[in-house]
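Engineer: Got a predicted structure plus its sequence, pasted below:
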Amino acid sequence: MLTVVDKPVIQYAVEEAIEAGIEHFVFVTGRGKGAIEDHFDLAYELEATLKARGKSAEFEMLKASRPMAGAASFVRQQEPLGLGHAVWCARDIVGDEPFALALPDMLIHGRRGCFAQMIDVYSRHGGNIIAVEEVPHEHVNRYGVVALADDMGHETFRITGMVEKPKVEDAPSDLIISGRYILQPEIFAKLATQKPGAGGEIQLTDAMIALMDEQDFFSYRFEGTTYDCGDKVGYLAANVALALDRPDIEPKFRPVLDKLVKK
């Protein structure tokens with residue numbers, strides 16, 4: 001729920017999914033996270049205030065920002081047992097369908113949303129799609145890293161392996177998993193029996209490696225920039241970058257930023 005410019009980080013992920021044509025949203029939350037559910041509900045008092053003050057643009061933006069009635073589901077992860085476990089908690093709602101997965105703290109900003117680009121790749125190849133990007137080699141030990149083979153064109157490669165937070169000298173490439181996935185429902189069966197991995201948690205990467213023996217996995221190097229809002233510097237960078245990309249904010253913000261940079 002951290003705000004980047006004027007919207008919570010999670011809102012950017014939902015809007016990215018809406019742009020890609022995704023119609024139902026499953027939020028996996030934990031204890032004390034009721035603000036997320038409230039955020040995507042009707043805010044009667046706020047909407048009434050905006051109407052009364054004639055702020056029609058703000059009212060329409062607020063209205064467009066929430067999923068339609070019945071299009072959002074919420075499931076609780078009672079224990080913080082890892083990303084893989086969080087995904088597994090959504091199994092009964094997702095059912096036997098392919099699904100897109102977003103880690104909202106990884107804010108991806110570009111001319112076209114990352115999910116919309118990934119849907120194009122999925123329409124060509126099917127299987128499982130993972131968004132990747134290049135990082136400096138000395139940073140690969142912070143992320144899940146992929147090993148690649150066949151070049152499928154359009155910045156898409158077949159994935160032959162993955163490793164979660166490898167030693168720098170053992171990393172198979174400089175391409176990291178960027179927090180956006182399109183996965184087949186068979187991943188749930190792998191997660192159900194997955195033993196704890198790195199950090200003592202149920203790792204999604206480990207389950208994907210197991211599923212790789214049965215299904216195709218493709219990496220897609222998307223167009224856009226990722227800001228890790230779970231990191232202080234990444235969060236600050238996201239606010240600056242998105243503010244500069246806003247025509248209603250940039251003209252007033254840039255002179256202030258220039259003064260700060262010159263100090």
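Structural biologist: Looks like it arrived, so ask away.
Engineer: residue contacts, Leu83?
Structural biologist: Leu83 is in contact with 103, 201-204, counting by C-beta atoms under 8 Å, 6 or more residues apart in numbering. Bear in mind the C-beta positions are built from the backbone N, C-alpha and C, glycine included.
Engineer: and with 10 Å instead?
Structural biologist: 28, 77, 101, 103, 144, 164, 179, 191, 201-205, 207 (C-beta atoms under 10 Å, 6 or more residues apart in numbering).
Engineer: I'd like the residues you listed laid out as TSV, including secondary structure and neighbour count.
Structural biologist: Below are the contacts of Leu83 laid out as TSV (DSSP: H, G, I helix; E, B strand; the rest coil; neighbours: other C-beta atoms under 10 Å):
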residue	secondary structure	neighbour count
Val28	strand	20
Gln77	coil	19
Leu101	strand	20
Leu103	coil	18
Gly144	strand	25
Glu164	strand	19
Gly179	strand	23
Leu191	helix	25
Glu201	coil	18
Ile202	coil	21
Gln203	coil	24
Leu204	helix	28
Thr205	helix	21
Ala207	helix	25
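Engineer: any idea of the mean pLDDT for the helix or strand hosting Val146?
Structural biologist: Using DSSP states H and E, Val146 falls within strand 144-153. Across strand 144-153, the average pLDDT comes to 86.
Engineer: With stretch 77-88 instead?
Structural biologist: Mean per-residue pLDDT for stretch 77-88: 89.
Engineer: That one: which residues count as buried?
Structural biologist: 77, 82-88 (16 or more other C-beta atoms under 10 Å).
Engineer: Could you tell me the end-to-end distance of that stretch?
Structural biologist: Start and end residues of stretch 77-88 are separated by 9 Å (C-alpha to C-alpha, to the nearest Å).
Engineer: Then stretch 75-90?
Structural biologist: End-to-end distance for stretch 75-90, by C-alpha to C-alpha: 7 Å.
Engineer: what's the spacing between that stretch and its chain's center?
Structural biologist: 16 Å (C-alpha atoms, centre = their mean, to the nearest Å).
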